[in-house]
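Asks: Just a sequence and a predicted model for now, questions to come.
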Amino acid sequence: MTKPLWAPWRLEYITQAGEQLECVFCEEAAGNLPDNESLRVYEGDAAVVILNKYPYSSGHLMVSPRRHVGVLAELTDEEALEIHRLAVAGLDALDRVYGPGGFNLGWNLGHVAGAGIADHVHLHVVPRWAGDTNFMPVLADVKVLPEHLLETRDRLRSSWASG
Ligand SMILES: [Zn+2]
């Protein structure tokens, strides 16, 4: 850690793996994580879908290109299209599993905008329920057991529309 970056998930990943991991999106895209640690929900040709670990809210997905790209404008047409389609498929899977009242989709570009990993762009897909807030999981410092995340991952995997 050379930068004062608030990224507790990164510390945890390093601790768990006992080795330095450069980027969780690249690790997930490459399939480098063991099944009991991987939060990958879906693997596409040019992009992957993983569950967000911190701050946690149920079913919070991230869609990222396989390629380590930090500039949105540098996505290829193929990547941009697949990210869009995977986000739409994620909405469908989340609808079937959780039936949320709505969704927020968005890109956090740069650390000041809230990006935990600014050098590998990713589209957030966040299910919303009546009465929830954006920041409650952060303020509450919610500790989530890995089993919960893995269970969510498996439910979304099995409800993901094939093709
Ligand atoms: Zn990366």
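Replies: Ah, there it is.
Asks: who in this structure is up against the ion?
Replies: 23, 25-26, 68, 120 (C-beta under 5 Å from the ion). Using the backbone N, CA and C atoms, a C-beta is placed for each residue, glycine as well.
Asks: which of these are buried?
Replies: Neighbour counting by 16 or more other C-beta atoms under 10 Å classes 25-26, 120 among the residues of the chain next to the ion as buried.
Asks: Throw these into JSON lines and include secondary structure and pLDDT, thanks.
Replies: Shown next, in JSON lines, are these (DSSP: H, G, I helix; E, B strand; the rest coil; pLDDT from 0 to 100):
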{"residue": "25", "secondary structure": "helix", "pLDDT": "94"}
{"residue": "26", "secondary structure": "helix", "pLDDT": "94"}
{"residue": "120", "secondary structure": "coil", "pLDDT": "93"}
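Asks: list the contacts for the spatially most central residue of the chain?
Replies: The chain has residue 62 as the residue nearest its centroid, 3.0 Å off, counting by C-alpha atoms, centre = their mean. Applying C-beta atoms under 8 Å, 6 or more residues apart in numbering, we find residue 62 in contact with 25, 49-52, 122-125.
Asks: Nearest to the ion among those?
Replies: Within those, proximity to the ion (C-beta to the ion) peaks at residue 25, which comes in at 4.4 Å.
Asks: circling back to that earlier point, can you name the residues bridging to the residue nearest to the centre of the chain?
Replies: Per DSSP bridges, the residues bridged to residue 62 are residue 50, residue 124.
Asks: All set now, cheers.
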